[in-house]
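Q: The amino acid sequence is not available; the structure is as follows:
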């Protein structure tokens, strides 16, 4: 979604609102964000951060990567995933979103909002999404195909599916063999405390079930409009 005016002008408008009324700055910023189509200012900031970060991040991803996109709610990890899908389609690659969180209609709406309306991404919303389902769906995929999985912690939520560690291992082997890229949207544990460190890291990944984080090759952590990409292996 394109803003009606540059962000520095939006901030200036918010400060003028504070000066001319009794509301605090955070309320003025949230009001400006709602006028721009976002529920609150933090979501607007996360959207802008994802847009600028995606270009640099995409250039550093290689075929066969297993990427974590991790952050607390509202920090832009889903927006970044959609921006990366757009970058993939603009690069002439196949892009696929596997989501256990959204309906296809909801996903299309988010894509239009967060990724400038591109419509080339394939959206898969089956309740049966798991590693075996994903690898079957991508059995004919060419190298460099970009897939986002929304999200990591619910891949094994249903009891009839293999455990999370087994699924990620299967996807990692598939990525190495085929050159398909997987980006996993991931939750950060609630215990993360910004007072102790500016950004979360691998120790803050929420793991309700056992998982070897060494199965991933890269991780990108987001918080308060900042982001950090690191190699895992």
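A: In hand now; what should we look at? Just so it is clear, the structure is predicted and the values come from calculations on it, not from any experiment.

Q: In a helix, residue 140, correct?
A: No - if the criterion is DSSP: H, G, I helix; E, B strand; the rest coil, then residue 140 is coil and not within a helix.

Q: give me the element residue 18 is part of.
A: Applying DSSP states H and E as the criterion places residue 18 in helix 7-20.

Q: Against which helices or strands is that helix packed?
A: helix 25-35 (3 or more CB pairs under 8 Å, 6 or more residues apart in numbering; DSSP states H and E). From N, CA and C alone the C-beta is placed, and that goes for glycine too.

Q: quick one, the helix it packs on and helix 7-20 angle?
A: With axes from the mean of the first three to the mean of the last three CA atoms, to 10 degrees applied, the angle from helix 25-35 to helix 7-20 works out at 130 degrees.

Q: Now tell me what touches helix 25-35 from outside.
A: Contact partners of helix 25-35, identified using CB atoms under 8 Å, 6 or more residues apart in numbering, comprise 4, 10-11, 13-15, 17-18, 21, 23, 39-41, 43-44.

Q: List only buried entries from the residues you listed.
A: For the contacts of helix 25-35, a neighbour count by 16 or more other CB atoms under 10 Å gives the buried set as 10, 14, 17, 41, 43, 44.

Q: Return the item of these having minimum pLDDT.
A: Note: of the buried ones among the contacts of helix 25-35, the lowest pLDDT belongs to residue 43, at 75.

Q: who are the neighbours in contact with that one?
A: Residues counted as contacts of residue 43 (CB under 8 Å, 6+ apart) are 33, 74.

Q: Spatially, which two of the contacts of helix 25-35 are the most separated?
A: For the contacts of helix 25-35, the maximum inter-member distance is 22.8 Å, found between 21 and 43 (CB to CB).

Q: which SSE is residue 56 in?
A: Assigned by DSSP H and E, residue 56 belongs to helix 41-59.

Q: Neighbouring strands - and their directions - for the following helix or strand past that helix?
A: On the C-terminal side of helix 41-59, the closest following helix or strand by DSSP H and E is strand 66-71. Using DSSP bridges, the strands paired with strand 66-71 are strand 181-187 (parallel), strand 218-223 (parallel).
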